[in-house]
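**Q** Pasted the sequence and its predicted model underneath.
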Amino acid sequence: MFDWIPKFSRRSRDPPTDPVVAIRTLAALLQAGLSVPSLWAELARNPRHGAIPVAMTSAISEGANPHDALQDLTAEADSSWRALGACWAIARVSGAPLGPALEALSEALSDISRTQRQITAALAGPRATTRLVMVLPVIGVIGGELGGHSSAGFLFGTGLGGATLALGLTMMAGAWWWLRLLAERAKPDPSALGLELDFFAIATGGGAIPERARDLVISACSEFALDMGEPETLDGLVTLSRRAGVPVNALAKASASLRRDLGRTDSEERMARLGVSVVIPLGLLVLPAFVLVAVVPMAVSLWEGSLA
């Protein structure tokens with residue numbers, strides 16, 4: 001009868017999948033000298049690496065070309081896996097060593113993942129406050145019922161109560177939409193993560209001329225649906241490299257790191273503003289909704305009781 005309980009417990013203990021860890025492990029195994037089928041088989045042994053390694057192992061065992069199989073499996077997968085597919089394709093076409101290319105990609109993805117975790121942690125406080133305050137009207141109604149004041153009877157049994165409830169719910173819905181909009185604006189712009197600069201560094205490091213490397217990056221980002229900045233940024237790096245006599249792949253790596261640092265700082269500034277701006281919908285919508293749904297029914301009940 002209760003056979004589902006152990007299954008639920010096992011499911012709750014399953015480790016979350018992390019593509020960044022899988023890609024870092026893939027780079028380490030490749031640089032250690034493992035063949036492509038062997039390294040995918042090793043990745044498939046760890047459930048934390050997700051379903052892509054398992055699917056790759058199955059495809060390779062059935063005789064599929066690893067490069068084509070990876071392109072097909074990652075084309076519509078998570079953004080990190082799509083980045084792996086793009087990096088693999090760029091390294092293959094440009095002639096860049098695949099091991100160092102995947103190592104550079106894993107470092108870039110780790111930096112991006114760390115930034116996103118910091119943003120999530122910073123948003124945890126405002127989100128928890130929002131949930132707590134938005135539950136207050138429900139708590140107020142329950143408190144009124146336990147205290148002997150028929151708040152629910154007023155809200156659902158009278159025309160004035162129905163209008164009050166409708167207005168309160170509308171204000172709560174508006175507050176929820178407003179707070180969600182503020183949280184979305186605090187997130188970083190995907191094109192500000194600088195991944196196309198890492199791809200450009202990989203392509204030029206493999207010996208491709210800058211113009212060819214630029215076309216490879218644009219094509220790969222388009223094929224794997226990855227956000228990228230303006231292509232003119234890559235042209236500016238090429239011009240600076242030729243004018244200053246500096247290797248363009250080193251400039252691309254430095255530019256990618258700088259862009260992510262700037263994006264992280266911008267996100268931190270947005271989150272700091274979020275802590276202040278979140279007070280506006282709470283004060284203008286949530287608290288008045290609490291008064292309408294919880295305080296007004298209780299006041300009406302007390303007034304009717306005093307008249308009786």
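**A** Happy to help now that I have it.
**Q** Beyond the lowest-mean-pLDDT helix or strand in the chain, next helix or strand please.
**A** Every helix and strand in the chain was compared by mean pLDDT, DSSP states H and E; the lowest is helix 4-13, with a mean of 42. The element immediately downstream of helix 4-13 (helix or strand, assigned by DSSP states H and E) is helix 19-31.
**Q** what comes into contact with that next one?
**A** 36, 38-39, 42-43, 46, 48-50, 52-53, 78, 80-81, 84, 98-100, 102-103, 105-106, 109-110, 113 (CB atoms under 8 Å, 6 or more residues apart in numbering). Yep, even glycine has a C-beta here, placed from its N, CA and C like the rest.
**Q** Could you check how far Ala208 is from Gly194?
**A** 19 Å (CB to CB, to the nearest Å).
**Q** same deal with Ala173?
**A** 38 Å.
**Q** Pick out whichever of the two has more residues nearby.
**A** More crowded of Ala173 and Gly194, by other CB atoms under 10 Å: Gly194, with 26 against 12.
**Q** My guess is that one contacts Arg259. True?
**A** Yes - contact status for Gly194 versus Arg259: in contact at 3.7 Å, counting by CB atoms under 8 Å.
**Q** Between these two, which contacts overlap?
**A** With CB under 8 Å, 6+ apart, Gly194 and Arg259 have common neighbours Gly229.
**Q** Please flag which of the contacts of helix 19-31 sit within helices.
**A** Secondary structure defined by DSSP state H assigns 36, 38-39, 42-43, 52-53, 80-81, 84, 98-100, 102-103, 105-106, 109-110, 113 of these to helices.
**Q** Contacts only, for Leu43.
**A** If you count contacts by CB under 8 Å, 6+ apart, Leu43 has them with Ala22, Thr25, Leu26, Leu29, His49, Pro53, Met56.
**Q** For the stretch 51-200 of the chain, which segments count as helices?
**A** In the stretch 51-200 of the chain, the segments counted as helices under DSSP state H, counting those that start in this stretch are 51-61, 66-74, 79-94, 98-146, 151-157, 159-186, 195-205.
**Q** for the shortest one, what is the average pLDDT?
**A** Mean pLDDT, taken over the full extent of helix 151-157, equals 71.
**Q** same thing with the first one?
**A** For helix 51-61, the mean per-residue pLDDT is 89.
**Q** Same check on the third one?
**A** Predicted confidence along helix 79-94 averages 86 (mean pLDDT).
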